[in-house]
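Colleague: the sequence isn't on hand, but the structure is:
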């Protein structure tokens with residue numbers, strides 16, 4: 001992690017977490033000298049956190065993007081920054097976005113395996129089934145993605161409403177705690193019957209193998225998936 005703390009390295013990773021960028025675009029955004037940015041880039045490339053390729057269109061400039069490991073490290077840096085700036089939620093306190101996530105877990109039996117699956121289920125609830133919940137999704141390398149979801153999972157975990165088993169950053173299992181189940185049931189039962197039914201329809205997707213679920217989302221909603 002030492003190299004991640006060197007001058008401009010965190011800024012580079014956080015900038016690329018938003019998406020691939022040309023070198024000059026990246027230099028302008030992180031506001032470092034061209035020499036410093038270039039040095040940090042070479043180090044991050046050697047560490048396997050950033051990779052570069054040539055754009056396929058004129059003027060064929062270098063395009064930089066995060067590797068999977070780079071995304072993990074950048075996400076950790078983002079979480080560290082947000083943990084410092086974000087007020088701590090009191091035990092049992094939950095906002096509107098959190099209620100929808102809890103309600104989804106309740107409708108699916110109390111658990112969801114994996115952060116990627118959770119992303120895709122909430123996306124399908126909105127796009128496939130037409131339930132207007134507050135999470136916003138943007139096209140992403142791995143399909144539609146909402147950066148609000150991992151933030152909310154952390155908030156709910158801190159509030160004692162969900163239990164998360166994870167490997168480094170990626171959730172392997174997200175499950176309701178007893179208190180979370182109580183809050184989730186209250187929210188779920190207060191929803192219109194049609195919305196409750198649609199949330200329960202997601203079980204056909206939650207039971208898919210992850211690769212099958214991703215293929216379904218990519219093929220049905222290609223405009224929400226960014227292929228590079």
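Modeller: Everything's here; your move. None of these values were measured; they are calculated from a predicted model.

Colleague: all contacts plus neighbour counts: C-alpha atoms, from now on.
Modeller: Will do.

Colleague: find the residue at the geometric middle of the chain.
Modeller: Nearest to the mean C-alpha position of the chain, counting by Cα atoms, centre = their mean, stands residue 147 at 4.4 Å.

Colleague: what about residue 160, how many residues nearby?
Modeller: For residue 160, the neighbour count with other Cα atoms under 10 Å is 19.

Colleague: if you could redo that for residue 209, that was the one I meant.
Modeller: Residues near residue 209, counting by other Cα under 10 Å, number 10.

Colleague: show me what contacts it?
Modeller: With contact set as Cα atoms under 8 Å, 6 or more residues apart in numbering, residue 209 has no partners.

Colleague: how close does it get to residue 116?
Modeller: Residue 209 is 12 Å from residue 116, where distance means Cα to Cα, to the nearest Å.

Colleague: overlap in contacts of those two?
Modeller: Here residue 209 and residue 116 have no joint contacts, going by Cα under 8 Å, 6+ apart.

Colleague: averaged pLDDT, stretch 112-129. What do you get?
Modeller: Stretch 112-129 shows a mean pLDDT of 92.

Colleague: how about residues contacting that stretch?
Modeller: Under Cα under 8 Å, 6+ apart, the answer for stretch 112-129 is 104-105, 131-133, 135, 137, 144-146, 149-150, 170-175, 198-199, 202, 205-206, 210, 213-214, 217.

Colleague: so who does residue 139 touch?
Modeller: Residue 139 makes contact with 145, 223, 224, 225, 226 under the criterion Cα under 8 Å, 6+ apart.

Colleague: please work out how many residues are found near the closest residue to it other than its chain neighbours.
Modeller: Counting by Cα to Cα, 6 or more residues apart in numbering, residue 224 is the residue found nearest to residue 139 once chain neighbours are left out, at 4.4 Å. Residues contacting residue 224 under the criterion other Cα under 10 Å number 19.

Colleague: equivalent analysis for residue 131, please.
Modeller: Residues contacting residue 131 under the criterion other Cα under 10 Å number 17.

Colleague: do the same with residue 103
Modeller: There are 25 residues near residue 103, going by other Cα under 10 Å.

Colleague: isn't it up against residue 191?
Modeller: No: with contact defined as Cα atoms under 8 Å, residue 103 does not reach residue 191; the gap is 9.4 Å.

Colleague: which neighbours do those two share?
Modeller: Counting by Cα under 8 Å, 6+ apart, nothing touches both residue 103 and residue 191.

Colleague: what are the structural domain limits within this structure?
Modeller: As given by automatic domain parsing, the domain ranges for the chain are 2-85, 96-224.
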